[in-house]
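**Q** my questions are about this predicted structure, shown below with the sequence.
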Amino acid sequence: MSLPTLDPLDLQILQALQLDGRAPFSRIAAVLGVSDQTVARRYRRLRSTVNVRVLGMTDDNRLGRQSWLVRLHCTPDVAEQLADALAKRPDTLYVNLISGGTEVICGMKPRSPKERDELLFDRLQRTRQIVTVTAHCLLHSFYGGSLGWLNKSNALSPDQEAALRQPPPPSLDAPIALDSADEALLALLRRDGRATLTDLQNATGQPESAVKRRLEALRSTGVLYFDVQYDHGPLGQDVSAMLWLTVAPRALAEVGRSLAAHPEVHFASATTGQANIVASVHFRTVTELYTYLSETIGALDGIQAVESALILRQVKQLNYEPSR
């Protein structure tokens, strides 16, 4: 079965949605110089052919919460079952199978220390088929969150980007506190970032004016941002890998900034553990991965060691379980 082909307009629409996931089709159409109907038709096609989804994401740092990366080495007979179980948890952001199918890696956003400890010290430790569990707190994001690969695609001109980009959120003196209506709003947007105001009203039981105010407040404070999920193959990203870099402390910030600028990097963060930077990268072929490791990564000053592992299967992406 041949993969769908994306043309320049498809890529422009994808980047537009990355910049503003709730932008009306009329606004995107005006910036791109096409009709509203064309944008709507292309979006429907992208949803069916490459599984495009706009999802509302929460910046947990602005809520005073920690984000974790958990690595689980287990016996081959349980890896897929474990990955599927983790994918169903609301506190997991993504779940991948790597390392010959004997390691599961997941991004975890527990709402409280109690939820974190319940998973790490209770459930996982009592699963006999799990050989080792390592948990790494993400300390500082170099790239990721509201910034994804589509921001690096250059499908839009600088003027088009400026017309669609949302203003950056302000610095905060204290974590944002959410109430039950905010939580209900965010829960629906995590499943569908472009949910209608009517859907949001039904989820919160509040009038349209109140929903609009809450939505604007969550976005303006940076608690809520939107990300675009899609199948990587049609965009020439058949080979995905996780990298763990051990970097001299003096070079940590500089290496992180360099990684953020690399077009191959979708995510990079400083982390606790023996390796102090973790990154997610995508390529067309394993040869490109080799070249990236040997030439691009190899040229960075301060890197002492690199561990790499191919992602064999993505079980969950951005709170959403891909179709199989």
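**A** Looks like it came in fine.
**Q** now the helix or strand of the chain at the bottom of the mean pLDDT ranking, how far from the chain's geometric center?
**A** Every helix and strand of the chain was ranked by mean pLDDT, DSSP states H and E. The lowest is helix 113-117, at a mean of 76. Distance of helix 113-117 from the chain centroid (Cα atoms, centre = their mean, to the nearest Å) equals 22 Å.
**Q** which parts of that helix are buried?
**A** Neighbour counts using 16 or more other Cβ atoms under 10 Å place 115-116 of helix 113-117 among the buried residues. Every C-beta, even on glycine, is put in place using the N, C-alpha and C of the backbone.
**Q** any low-confidence regions in the stretch 201-324 of the chain?
**A** Applying pLDDT under 70 to the stretch 201-324 of the chain picks out residues 318-324.
**Q** mind doing that once more with 90?
**A** Filtered on pLDDT under 90, the stretch 201-324 of the chain yields the residue ranges 203-205, 231-238, 313-314, 316-324.
**Q** low-confidence stretches in the stretch 51-200 of the chain?
**A** Using pLDDT under 90, the stretch 51-200 of the chain drops low at 60, 65-66, 72-94, 99-102, 108-135, 148, 171-173.
**Q** for the helix or strand just after the least confident helix or strand of the chain, the distance to its chain's centre please.
**A** Downstream of helix 113-117, the first helix or strand assigned by DSSP states H and E is strand 130-143. Offset of strand 130-143 from its chain centre (Cα atoms, centre = their mean): 15 Å.
**Q** return the set of buried residues in strand 130-143.
**A** Burial within strand 130-143, assessed by neighbour count using 16+ other Cβ under 10 Å, is assigned to 130, 133, 135-136, 138, 141-143.
**Q** got it, and stretch 6-17?
**A** Neighbour counts over stretch 6-17 (16+ other Cβ under 10 Å) mark 6, 10-17 as buried.
**Q** now stretch 38-53
**A** Buried positions in stretch 38-53, judged by neighbour count with 16+ other Cβ under 10 Å: 38-39, 42-43, 46, 49-50, 52-53.
**Q** can I get it in PDB? Just the C-alpha atoms.
**A** Output of stretch 38-53 as PDB, limited to C-alpha atoms (Å, rounded to 0.1, in the frame of the first residue of the first chain):
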ATOM      1  CA  THR A  38     -10.200  24.300   0.400                       C
ATOM      2  CA  VAL A  39      -8.700  24.400   3.900                       C
ATOM      3  CA  ALA A  40     -11.600  22.500   5.300                       C
ATOM      4  CA  ARG A  41     -11.400  19.800   2.600                       C
ATOM      5  CA  ARG A  42      -7.700  19.400   3.000                       C
ATOM      6  CA  TYR A  43      -8.000  19.100   6.800                       C
ATOM      7  CA  ARG A  44     -10.600  16.400   6.400                       C
ATOM      8  CA  ARG A  45      -8.400  14.500   4.000                       C
ATOM      9  CA  LEU A  46      -5.300  14.900   6.300                       C
ATOM     10  CA  ARG A  47      -7.400  13.400   9.200                       C
ATOM     11  CA  SER A  48      -8.300  10.400   7.200                       C
ATOM     12  CA  THR A  49      -5.000   9.800   5.300                       C
ATOM     13  CA  VAL A  50      -2.300  10.700   7.900                       C
ATOM     14  CA  ASN A  51      -4.300  10.700  11.100                       C
ATOM     15  CA  VAL A  52      -3.900  14.400  11.800                       C
ATOM     16  CA  ARG A  53      -5.200  15.400  15.200                       C
END
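**Q** wasn't Leu245 part of a strand?
**A** Yes: counting by DSSP: H, G, I helix; E, B strand; the rest coil, Leu245 is part of a strand.
**Q** next up, the contacts around it.
**A** 255, 275-279, 297, 303, 305-306 (Cβ atoms under 8 Å, 6 or more residues apart in numbering).
**Q** please tell me how far it sits from Glu295.
**A** 15 Å (Cβ to Cβ, to the nearest Å).
**Q** got it, and Arg250?
**A** According to Cβ to Cβ, Arg250 stands 23 Å off from Glu295.
**Q** Arg213 too?
**A** Counting by Cβ to Cβ - Arg213 and Glu295 are separated by 51 Å.
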